[in-house]
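1. everything below, folded, please.
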Amino acid sequence: MKLGLQLGYWGAGLPPHAAEMVVAADEAGYDAVFTAESWGSDVFTPLAWWGSATTRVRLGTAVAQLSARAPTATAMAALTLDHLSGGRVVLGLGVSGPQVVEGWYGAPFGRPLARTREYVSIIRDVLAREAPVTSAGPHYPLPYNGSGADGLGRPLRAITHPLRADLPIWLGAEGPRNVALAAEIADGWQAVYFTAALAEEYNTWLDDGFARAGARRSRADFEVAACATVTVTDDPAAEYDRHRPVIALYAGGMGAATKNFHADLFRRMGYGEVVDEIGARFREGRRAEAAAAVPDELVAQTTIIGDAATIRRRVAEWGDLGVTMLMVGARDAGQVREIATVLAEN
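-> Below is the predicted model:
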């Protein structure tokens, strides 16, 4: 199984040890490093800055939010970084959620599947550079001739020739229709919280997408990248407390009470009552209590924590369930190297 390093998005400031971890991943044989964005740090700048110190790893976004940029702007960023890195970019895209899209980007969230399909199509047209790029819309019409337009827009072709027309595009997705769409139109799927308990459902959703007319890839050449913190320890219970606040944030704070895709995912795992409790406490500002409500079992399902033998066994199990890349979170360069060493024995 391939290894990816997931750096995530920043908190209040520059995350410690990130630059050293990227170099360590490059040297330790990781396949890729990934950055993310929410409503603070952006996804491309850290990737370009830290990635400049690497020579081999792929540089991926996990994920670039659709509403942050027009599809042509995202294509420009990807093709630019692809040139600078010598063809090492993986473009991971995601719709985010209404709280961010409407609250931060000031755009409507509606019809996320249709928007994603149109967005990806435009990016592929930019990268193909076979003709001036046009789109009938309705979400990203090119040229734009709607309200307020001067009527002077014309179809354009990228001035810069993309290095790769087939630059890989992955989709971050959690629900059944989104995952199926990834299998239909993308080159890979980024799973935020993978769990063996839902693997059969995940594979059913993926197979639905692969079976659609015109599907871009098959199971044989499609990448499934699962995010998970991997910690080698003889005392797993001591590590669980580190993860409770993060799960509480995703379940209770990364969305509204009536629409939270992460909370929906945890419900599918069988934690509906737990999610209700976490959400209620989080929205009341009782974040420590929300974190305390996250059970050990939920942490254990969505992370890989244990001694070296346990780590190797669990990673092998995920591989048997269809995961082709493990996108690991780590705290420092030493942990990055330790994970690589332990899994090299698989």
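2. name the helices or strands packed onto the helix or strand where V126 lies?
-> Secondary structure assignment for V126, by DSSP states H and E: helix 112-128. For helix 112-128, the elements it packs on are helix 71-85, strand 89-94, strand 169-172, helix 176-185, judged by 3 or more C-beta pairs under 8 Å, 6 or more residues apart in numbering; DSSP states H and E. Where C-beta positions appear, they are placed from N, C-alpha and C, glycine not excepted.
3. most tightly packed of those?
-> Burial of those is given as mean neighbour count (mean count of other C-beta atoms under 10 Å); strand 89-94 ranks first at a mean of 27.
4. residues contacting the spatially closest residue to V336 that is not a sequence neighbour?
-> Among residues not flanking V336 along the chain, A24 sits closest, at 4.3 Å (C-beta to C-beta, 6 or more residues apart in numbering). Shown in contact with A24 (C-beta atoms under 8 Å, 6 or more residues apart in numbering): A333, G334, V336, R337.
5. among the residues you listed, which one lies nearest to A344?
-> Ranked by distance to A344 (C-beta to C-beta), these are led by R337 at 10.5 Å.
6. could you pull up the contacting residues of the closest one?
-> A24, A28.
7. can I assume it sits in a helix?
-> Yes - counting by DSSP: H, G, I helix; E, B strand; the rest coil, R337 is located in a helix.
8. all helices of this structure, in order?
-> Along the chain, counting by DSSP state H, helices occupy 18-28, 44-51, 71-85, 98-103, 112-128, 176-185, 199-210, 236-252, 261-268, 272-283, 287-292, 296-302, 308-320, 333-343.
9. for the fourth one, which outside residues touch it?
-> Helix 98-103 is contacted from outside by S38, W39, Q65, S67, V95, A107, P108, F109, M254, G255, A256, K259, using C-beta under 8 Å, 6+ apart.
10. is it true that R164 touches A128?
-> No - R164 is beyond contact range of A128, at 10.3 Å (criterion: C-beta atoms under 8 Å).
11. quick check: mean pLDDT across stretch 157-165?
-> Stretch 157-165 carries an average pLDDT of 98.
12. cool, and stretch 218-228?
-> The model assigns stretch 218-228 a mean pLDDT of 96.
13. show me the contacts for the residue nearest to the spatial centre of the chain.
-> Nearest to the geometric centre of the chain sits A62, at 3.3 Å (C-alpha atoms, centre = their mean). Going by C-beta under 8 Å, 6+ apart, A62 touches Q6, F34, T35, A36, G92, W170, G172, Q190, A225, C227, M327.
14. dig out what the last one forms beta bridges with.
-> To tie it back to what came earlier, the one meant is M327. Note on M327: beta-bridge partners by DSSP bridges are G4, C227.
15. OK, contacts around it?
-> Contacts of M327 by C-beta under 8 Å, 6+ apart are G4, L5, Q6, A32, F34, A62, Q190, A225, A226, C227, A228.
16. so what's T134 up against?
-> T134 is in contact with L142, P143, P155, counting by C-beta under 8 Å, 6+ apart.
17. wait, I meant D264
-> With C-beta under 8 Å, 6+ apart, D264 has these contacts: E174, G175.
18. how far away is it from P176?
-> 10 Å (C-beta to C-beta, to the nearest Å).
19. from memory I247 sits against V299, does it?
-> Yes - if you go by C-beta under 8 Å, I247 and V299 touch, sitting 6.7 Å apart.
20. and the two? Which one has more around it.
-> I247 (26 against 21; other C-beta atoms under 10 Å).
21. tell me how far the more buried one lies from A12.
-> Computed with C-beta to C-beta, the distance linking I247 and A12 is 20 Å.
22. hmm, back to that, from the contacts of A62, which one has the minimum pLDDT?
-> C227 (93).
23. how many neighbours does it have?
-> 23.
24. tell me the contacts of it?
-> C227 neighbours (C-beta under 8 Å, 6+ apart): Q6, A62, Q190, A191, V192, Y193, F194, M327, V328, G329.
25. try it again at 10 Å.
-> Counting by C-beta atoms under 10 Å, 6 or more residues apart in numbering, C227 touches 4, 6, 8, 34, 36, 62, 172, 190-194, 302-303, 325-329.
26. over to A186?
-> Contacts for A186 (C-beta under 10 Å, 6+ apart) come out as 91-93, 116, 120, 168-173, 209, 215-217, 222-223.
27. one more: G4?
-> 25, 30-34, 57-58, 60, 62, 90, 190, 223, 225-227, 325-328.
28. mind running it again at 6 Å?
-> When contacts are counted by C-beta atoms under 6 Å, 6 or more residues apart in numbering, G4 touches D31, A32, F34, M325, M327.
29. just the buried residues of those.
-> D31, A32, F34, M325, M327 (16 or more other C-beta atoms under 10 Å).
30. nearest residue to the third one other than its sequence neighbours?
-> In this case it means F34. Counting by C-beta to C-beta, 6+ apart, A62 is the residue found nearest to F34 once chain neighbours are left out, at 3.9 Å.
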